[in-house]
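Colleague: prediction below, plus the sequence it came from.
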Amino acid sequence: MEGSGGKIPDMIMDYALYRNGERALDGSTISELIASARKDGGFLWVGVSEPTSEEFDGLVQDFHLHPLAVEDAIQAKQRPKLETYEEMTFVVVRTTFYEESASQVTTGEILAFIGDHYIVVVRHGEGSPLTGVRGRLEQNPALLKLGPYAVLHAIVDRVIDSYIAIAAELEKDVIEVEQSVFSDRKAYNSEKIYFLKRELLEFSHAIHPLQVPLQRLAVDFNDIVPDELAPFFRDTLDHLQSAVDIADALDNLLTSALSADLAHVQVQQNEDMRKITSWVALAATPTMLAGIYGMNFDHMPELRWTFGYPLVMGVMALVTGTLYYKFKKSNWL
């Protein structure tokens, strides 16, 4: 297959023309396919991965994409949003991927240009790849014939499914840390908790802003989105809300766990200070008596008495033993 400039650029992963839910014959250029869709009906679905500005120029000309949306698609690093232009809708979705070995959330982006006869999907990053979405949708002609917004729903639904899966993985990590905080082991978990809160923050930045665009697609876009697709978008919105609720609950749980962990640290420090104070007090009396009787004075009580030494040693032992008993009874030692 060839693109508008002859050879397909490396950025284009796949493209095809669809009519009545069926994939048309391949072999035409993108320019020819979009012209055919505008003339005879159907829509063109183009998948693009991490394009450069130069690589994307051909598609900009073929589809007459808005320059502001094109700039966002090239630069990436956008928050989830939905913007409408004259004859085009632009949607940004943050994708997520969970690296189990490092318990780390990695994010990417999917940006979709949607017109009456096309959808151009641009992907950045490794998060939630779209492998299999096209194949599964092609197996459902009744849904695919609803047009480009059916493709958008399939993509968003796949991304939100990954949100639910990642929320479950994060929940396991949070429960593990919580159990460690309230276990009998004297271990500090503040570093783990801060790390998890950072991952939850990254996750929340992907899922929270998507609520408004999905709400608009499910409710406000009645004149653009086919009526048959509105229930599907409402369903994905419910799934997204579930992921948001889980993320918020986990964040609150981590905040409580952090407070408990810091309280444990403070209690442990207090116990250490009590032990240090107790041992200092035990050493104080012998040190004081030894210091006094170590002075070079000629006239001191019991200095030349036969039982002076045993008396001083006995007083040291008695006072030290009494203090040790009191501290031990008070659990200071």
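Modeller: All right, it came through fine. Residues are numbered from 1 along each chain as shown.

Colleague: make it CA atoms for all contacts and neighbour counts henceforth
Modeller: Noted.

Colleague: so where's the protein shaky on pLDDT?
Modeller: 1-10, 25-27, 126-129, 185-187, 265-272, 289, 292-309, 327, 330-333 (pLDDT under 70).

Colleague: all helices of it, in order?
Modeller: 30-40, 53-63, 67-75, 133-138, 141-144, 148-181, 190-207, 211-215, 230-293, 308-329 (DSSP state H).

Colleague: can you give the domain ranges for this structure?
Modeller: 12-264, 267-329 (automatic domain parsing).

Colleague: hmm, back to that, how about the helices of the chain in JSON lines, adding distance to Ala16 and mean neighbour count?
Modeller: Formatted as JSON lines, the helices of the chain follow (distance: least, C-alpha to C-alpha, whole Å; neighbours: other C-alpha atoms under 10 Å):
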{"stretch": "helix 30-40", "distance to Ala16": "8", "mean neighbour count": "17"}
{"stretch": "helix 53-63", "distance to Ala16": "14", "mean neighbour count": "15"}
{"stretch": "helix 67-75", "distance to Ala16": "21", "mean neighbour count": "16"}
{"stretch": "helix 133-138", "distance to Ala16": "10", "mean neighbour count": "15"}
{"stretch": "helix 141-144", "distance to Ala16": "12", "mean neighbour count": "18"}
{"stretch": "helix 148-181", "distance to Ala16": "12", "mean neighbour count": "20"}
{"stretch": "helix 190-207", "distance to Ala16": "29", "mean neighbour count": "18"}
{"stretch": "helix 211-215", "distance to Ala16": "26", "mean neighbour count": "18"}
{"stretch": "helix 230-293", "distance to Ala16": "24", "mean neighbour count": "16"}
{"stretch": "helix 308-329", "distance to Ala16": "81", "mean neighbour count": "14"}
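
Colleague: centre-most residue in this structure?
Modeller: Taking C-alpha atoms, centre = their mean, the centroid of the chain lies closest to Phe203, which sits 2.6 Å from it.

Colleague: ok, and the closest non-adjacent residue to that residue?
Modeller: Val105 (6.9 Å; C-alpha to C-alpha, 6 or more residues apart in numbering).

Colleague: my read: the one you found touches Thr95, true?
Modeller: No - counting by C-alpha atoms under 8 Å, Val105 sits too far from Thr95 to count as a contact (10.1 Å).

Colleague: ok, these two, which is more surrounded?
Modeller: More crowded of Val105 and Thr95, by other C-alpha atoms under 10 Å: Thr95, with 27 against 20.

Colleague: what's across from the more buried one in the sheet?
Modeller: Counting by DSSP bridges, Thr95 forms beta bridges with Gly108.

Colleague: how close does Val319 get to Gly147?
Modeller: 91 Å (C-alpha to C-alpha, to the nearest Å).

Colleague: still on that earlier bit, I'd say the residue nearest to the centre of the chain and Tyr98 touch.
Modeller: No - using C-alpha under 8 Å, Phe203 makes no contact with Tyr98, being 9.9 Å away.

Colleague: overlap of the contact sets of these two?
Modeller: Val105 (C-alpha atoms under 8 Å, 6 or more residues apart in numbering).

Colleague: list the contacts for Ala24?
Modeller: Ala24 neighbours (C-alpha under 8 Å, 6+ apart): Ala16, Leu17, Tyr18.

Colleague: filter these down to the buried ones.
Modeller: Ala16, Leu17, Tyr18 (16 or more other C-alpha atoms under 10 Å).

Colleague: measure stretch 14-34 end to end?
Modeller: From start residue to end residue, stretch 14-34 stretches across 14 Å - C-alpha to C-alpha.

Colleague: follow-up on the earlier one: next one: the residue nearest to Phe203 from Asp245, what distance?
Modeller: Counting by C-alpha to C-alpha, the gap from Val105 to Asp245 is 18 Å.
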